[in-house]
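> Just to be clear, the model below is a prediction. Sequence and coordinates:
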Amino acid sequence: MQETPLQPFDDPALKMALRRSLGKETAPVSLRDRIKKMAGENSSVSAPESKPDPKPIPLFRRSPVYRFAVAAVLIIGFGGLAYQIWQMKQKDDAYNRGTVFTASLYQNMIDTHEARKSATSADTITTLAAVPSLSGQVPAHAVFAADLTKDGWTFQGAAARKVGSDQAAQLFFTKGKSSISVFSLPLSAAPDAKEGESYDTVYNGAAIAGFRSSGGIFCIVGTGEKGPLDLTEVKQLLDEHKGEIRKR
């Protein structure tokens, strides 16, 4: 059987028909729309641009107004703290005055001091050298034999007397119209007083300073012509003569 030879592909009419046929083979409209939409979204959406974290501005490189405001806040803060500490100290001092050396103890010493100043009770000791002998007459078994003559005071006498319900030794000094009593009391007069710690106040017209030591409470009470002696002077006398506690 004889094969029919192939015709060459150069017939213009055939080529045009084939071209028209192939050009009609296109993707569905819905598919093309989806592809265009995806391409548009991909081109319009971009990754967010990263920004560096803001760096804090150093304190001393900021404006003067800012630095002034910070300084003012710090000053107010430290001032408030100092005031709170001061208030706590005042409360502690009030506690010491109100519970260690009580108002009744202050008043009892003042009453005994005023009674001696009015010469309503006689002295049994007339010299400072004999003052230690009073230690056998008081529960403290020691006497605060403060020699205030070194500070310009005149010794007038001493005796064992009642201070409230406590038996105490009292030394009496004068300087012009001012007067001082030096008391030696038992621990029961101020049982909460701490060993070696001093307490002082101005109470009812008298400056009073005292401390606990050697098993007793030792105090100086001072009055002037029209009121209390200067508390600073009384405290100074107490500090200068603390070591002059004597036993018989």
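It's in. From a predicted model like this one, the values you see are computed outputs, not experimental measurements. Numbers count the residues shown, from 1 in each chain.
> In this structure, where is pLDDT below threshold?
Where the chain drops to pLDDT under 70, the residues are 1-32, 35-62, 66, 83-84, 86-99.
> Now with 90, please.
Counting by pLDDT under 90, the chain shows low-confidence ranges at 1-100, 119-122, 140-141, 196, 214-215, 225-227, 247-248.
> ranges for the strands of it?
Using DSSP state E, the strands of the chain run over 143-144, 154-163, 166-175, 178-186, 198-203, 206-213, 216-223, 245-246.
> who wins for proximity to residue 108 among these?
strand 154-163 (4.8 Å; Cβ to Cβ). Bear in mind the C-beta positions are built from the backbone N, C-alpha and C, glycine included.
> Name the residues of that closest one that are buried.
155-161, 163 (16 or more other Cβ atoms under 10 Å).
> right, and the strands of the chain - which one's nearest residue 237?
The nearest among the strands of the chain, by Cβ to Cβ, is strand 216-223 at 5.8 Å.
> Got the domain ranges for the chain?
Using automatic domain parsing, the domain ranges for the chain come out as 59-97, 102-246.
> which residue sits closest to residue 136, ignoring its sequence neighbours?
residue 248 (5.2 Å; Cβ to Cβ, 6 or more residues apart in numbering).
> Roughly how far does residue 106 sit from residue 238?
15 Å (Cβ to Cβ, to the nearest Å).
> Pretty sure residue 171 sits against residue 146.
Yes - shown here, residue 171 and residue 146 form a contact pair, counting by Cβ atoms under 8 Å, at 6.8 Å.
> Find residues that contact each of those two.
residue 182 (Cβ atoms under 8 Å, 6 or more residues apart in numbering).
> Which parts of this structure are helices?
Here the chain has its helices, by DSSP state H, at 12-23, 29-44, 64-95, 103-117, 231-241.
> what comes into contact with the fourth one?
Residues from elsewhere that reach helix 103-117 (Cβ under 8 Å, 6+ apart): 121, 161-164, 166, 168, 170, 172, 179, 181, 183, 189-190, 201, 203-206, 208, 219, 221, 223.
> Mind giving me the PyMOL command for buried ones among those residues?
Selecting the buried subset of those in PyMOL, with 16+ other Cβ under 10 Å as the burial test, is done by:
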select buried, resi 161+163+164+166+168+170+172+179+181+183+189+190+201+203+206+208+219+221+223
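> gap between residue 172 and residue 192?
When distance is defined by Cβ to Cβ, residue 172 is 28 Å away from residue 192.
> brain fart, residue 63
On the measure of Cβ to Cβ, residue 63 and residue 192 end up 57 Å apart.
> Quick check on the two: which one has the bigger neighbour count.
residue 192 (12 against 9; other Cβ atoms under 10 Å).
> Could you find the closest non-adjacent residue to that one?
Nearest non-adjacent residue to residue 192 (Cβ to Cβ, 6+ apart): residue 100, at 4.9 Å.
> burial count for that neighbour?
18.
> need the contact list for it.
190, 192-194, 199.
> I'd like those residues laid out as TSV, including distance to residue 140.
Output for those, formatted as TSV (distance: Cβ to Cβ, whole Å):
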residue	distance to residue 140
190	12
192	16
193	13
194	16
199	16
